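J.: Got a sequence here, can you build the structure:
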Amino acid sequence: MSVIHSENATHKATLLTAEQTLQAALVGATAAQAKTATVAFYRTARASAITNGLSPVPFSLALRDLIGQET
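T.: The predicted structure is shown next:
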C-alpha cells in the first residue's frame, strides 16, 4: 500500500478510502483492470486535492504517465 501524507484531514481521509478501494480492485485483476483502477485512484486524488485547496500536480503527472493526458 502506498502512502501519501497530507496535513489536510479531509484529503487524507479521501486518499485512504481511495487507496483501500484501489487495493481491493487489484486483487486478481488483469493488467487492464489494474490500470483502470489506478487511473480512478489518481482521478479521485486529484479531485480531492483541488477541492481541498491543495496542489493536484503529483496526481496530474501520474495520470499523464498512465494515460497520456490529465483528465
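
J.: name the element the closest residue to I4 other than its chain neighbours belongs to?
T.: Closest residue in space to I4, ignoring its immediate chain neighbours: L15 at 5.2 Å, by Cβ to Cβ, 6 or more residues apart in numbering. Quick note: C-beta positions are derived from backbone N, CA and C, even for glycine. Assessed by DSSP states H and E, L15 sits inside helix 9-26.

J.: and that helix, what other elements does it pack with?
T.: helix 31-51 (3 or more Cβ pairs under 8 Å, 6 or more residues apart in numbering; DSSP states H and E).

J.: got the buried residues for the helix holding L15?
T.: 11, 14-15, 18-19, 22, 25 (16 or more other Cβ atoms under 10 Å).

J.: okay, and for the protein, where does confidence drop off?
T.: For the chain, the stretches with pLDDT under 70 are 1-3, 69-71.

J.: how about a cut-off of 50?
T.: For the chain, no stretch has pLDDT under 50.

J.: so how far is T36 from the residue of it positioned farthest from its centre?
T.: Here the chain reaches farthest from its C-alpha mean at G28, the gap being 19.4 Å by Cα atoms, centre = their mean. As for G28, its distance to T36 is 14 Å (criterion: Cβ to Cβ, to the nearest Å).

J.: Check I4 too.
T.: With Cβ to Cβ as the criterion, I4 and T36 are 20 Å apart.

J.: list the contacts for A29?
T.: Contact analysis of A29 by Cβ atoms under 8 Å, 6 or more residues apart in numbering lists A37.

J.: repeat for R46
T.: 56, 59-60, 63, 70.

J.: are any of those buried, and which?
T.: For the contacts of R46, buried by 16+ other Cβ under 10 Å: 56, 59-60, 63.

J.: Dump these to TSV, plus distance to R46 and secondary structure.
T.: Below are the buried ones among the contacts of R46 laid out as TSV (distance: Cβ to Cβ, whole Å; DSSP: H, G, I helix; E, B strand; the rest coil):
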residue	distance to R46	secondary structure
P56	4	coil
F59	4	helix
S60	6	helix
L63	7	helix
